[in-house]
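Trainee: give the three-dimensional model of this entry:
(chains A and B)
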Amino acid sequence: MYGADVPLSDLDDHGLVDACLSGRPEAFDLIVERHKRAVYQLCFRFVRNHEDANDLSQDVFLRAYRGLRAFRGQSSLTTWLYRIGVNVCLNRVSAKAPLSGPTEPIDEQLFVDPRGESASDRLLRDERGARVRQAIAQLPRRQRATLVLRMYHEMSHKEIADVLGSSVGAVKANFFHALGNLKKILGEEI
Amino acid sequence: MHLKPEELIDLAEGTRDEASVPHLASCERCRAQLAELRSLMMMATSGGDPVPEPSPIFWDQFQRRVAEAIREQEPRRLPGFSGLAGFGGFSGFGFSRFTRFAVAGAAAIAAIAIAVALNSRSNRVAVPGAPEPQIATVAPVDARGSHTELLNDALAGDPSLQLVADLSETLDVNAASDAGLASEGGAEHAVTHLSSQELTELQRLLRAEMRRSGA
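Mentor: Residues are numbered from 1 along each chain as shown, chains lettered A, B, ... in the order given. Reported below is the predicted structural model:
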């Protein structure tokens, strides 16, 4: 628990949730502040464009706010937000056609390769990366979520299991099959 | 018995030592599968999946939009919440106060627009043959005077002034503030935060200045 006189910035995530539920709604502002980037990145990885990622991220926080009482603190707030995020994203992407066109271009200046990679090598890597991302977008929903959370958000199998509401064994099996399907989709490109 | 997917994943990720799985040494199929898994993992990560970083302005706006959306959709959802009056940096910034600022700001801008328009007309170069422009008459406004009446009178004779008035009428003070056009300490901020008495005084000063300059 926390005292009402404790500065919100001193509270951890669970403390902020308690504070919010106890009548200090500005605590949710800090929750958004702390997690907005991770939530946005998750959403972007599912929809691959800024506008939709922005909309979905806002939706995630709205849903989190509405369901704040349902957060029991058994998992981390991050995991809980990811769970909401994955559900929101999967619902959105399944309502839309599979991604087949070019993905949003990446600002090269934001991602300078520290290894001094040549321009042609970087181009090749970017093209391959784009193909992989398109292939990931075609995976079955849970496999896709598993692969994204594991490979790009570096979550443990246990954390992914919490997000997806399944067992660690099921997550590993999903991951295995996701990689197998990725190979089938990419065919001889790899 | 071949290795299960979970076991292969553990081996591929290095969380399990190959030496602890004797089957691997004797099964070419499982070894090939393990090598393929490692290759696929490397391929998936080598290209990376970079997410372009939005601008700092986006993040500022993001937080505000979330707060506003919650305030609009869920005003009293959680017991103990005071209607989100203090949510997202909106503490003590109720709608009525916003409305007052908006009205005062719009009135002040209208007054300034009139003054600017009248001054600009006084400086016009006369074009031979052109019709004499009509000068709008600014009716005196007392401390309780109506800004709307003043504006309507002035608008009667000048389409360009109508444009300025339209712009000020549709001006979203909140949006202007969001865009940093009315930052605290700035002139715009001062204008949009004037009380009605201060507005009246501003009008009086503007009229005095127009008389002095012969407008």
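Trainee: chain neighbours aside, what residue packs nearest to the residue positioned nearest the centre of chain A?
Mentor: Nearest to the mean C-alpha position of chain A, by Cα atoms, centre = their mean, lies A:Leu42 at 2.4 Å. Nearest in space to A:Leu42, with sequence neighbours left out and distances taken as Cβ to Cβ, 6 or more residues apart in numbering or on different chains, is A:Gly85 at 4.7 Å. Just so you know, the C-beta spots here come from the backbone N, C-alpha and C atoms, and that holds for glycine as well.
Trainee: give me the element that neighbour is part of.
Mentor: Of the helices and strands defined by DSSP states H and E, A:Gly85 is found in helix A:77-95.
Trainee: quick one: mean pLDDT over the very next helix or strand once past that helix.
Mentor: Past helix A:77-95, heading to the C-terminal end, the next element that is a helix or strand (DSSP H and E) is helix A:119-137. The pLDDT scores in helix A:119-137 average 84.
Trainee: got the contact list for A:Asp163?
Mentor: Quick fix: residue A:163 is Val, not Asp. Applying Cβ atoms under 8 Å, 6 or more residues apart in numbering or on different chains to A:Val163 gives the contacts A:79, A:82-83, A:86, A:145, A:149, A:155.
Trainee: from those residues, which two are the most distant?
Mentor: With distances taken as Cβ to Cβ, the most widely separated pair in the contacts of A:Val163 is A:Thr79 and A:Ala145, at 13.1 Å.
Trainee: show me which of these two is the more surrounded one.
Mentor: It is A:Ala145, of A:Thr79 and A:Ala145, that has more neighbours when counted by other Cβ atoms under 10 Å in any protein chain shown, with 26 against 16.
Trainee: secondary structure class for that one?
Mentor: Using DSSP: H, G, I helix; E, B strand; the rest coil as the criterion, the local structure at A:Ala145 reads helix.
Trainee: I'd assumed A:Leu90 was in contact with it.
Mentor: Yes: counting by Cβ atoms under 8 Å, A:Ala145 does reach A:Leu90; the two are 6.4 Å apart.
Trainee: joint contacts of those two?
Mentor: Between them, A:Ala145 and A:Leu90 have no joint contacts when contacts are counted by Cβ under 8 Å, 6+ apart.
Trainee: the residue nearest to the centre of chain A: which element?
Mentor: helix A:26-47.
Trainee: check A:Glu154 too.
Mentor: Using DSSP H and E, A:Glu154 falls within no helix or strand.
Trainee: can you tell me how far it is from A:Phe61?
Mentor: 22 Å (Cβ to Cβ, to the nearest Å).
Trainee: of the two, who's got more company?
Mentor: More neighbours surround A:Phe61 than the other of A:Glu154 and A:Phe61, with 25 against 9 (other Cβ under 10 Å).
Trainee: got a list of what that one touches?
Mentor: The contact partners of A:Phe61, taken as Cβ under 8 Å, 6+ apart, are A:31-32, A:36, A:39, B:66, B:70.
Trainee: on the pLDDT front, check it for me.
Mentor: In this model, A:Phe61 carries a pLDDT of 96.
Trainee: which SSE is it in?
Mentor: Applying DSSP H and E, one finds A:Phe61 within helix A:50-66.
Trainee: just how off-centre is that helix within its chain?
Mentor: The gap between the average C-alpha position of helix A:50-66 and the chain average comes to 12 Å, counting by Cα atoms, centre = their mean, to the nearest Å.
Trainee: okay, angle between it and helix A:26-47 too, please.
Mentor: Using axes from the mean of the first three to the mean of the last three Cα atoms, to 10 degrees, the inter-axis angle of helix A:50-66 relative to helix A:26-47 is 140 degrees.
Trainee: what are the buried residues along stretch A:15-30?
Mentor: Using 16 or more other Cβ atoms under 10 Å in any protein chain shown as the burial criterion, the residues of stretch A:15-30 that qualify are A:15-21, A:24-30.
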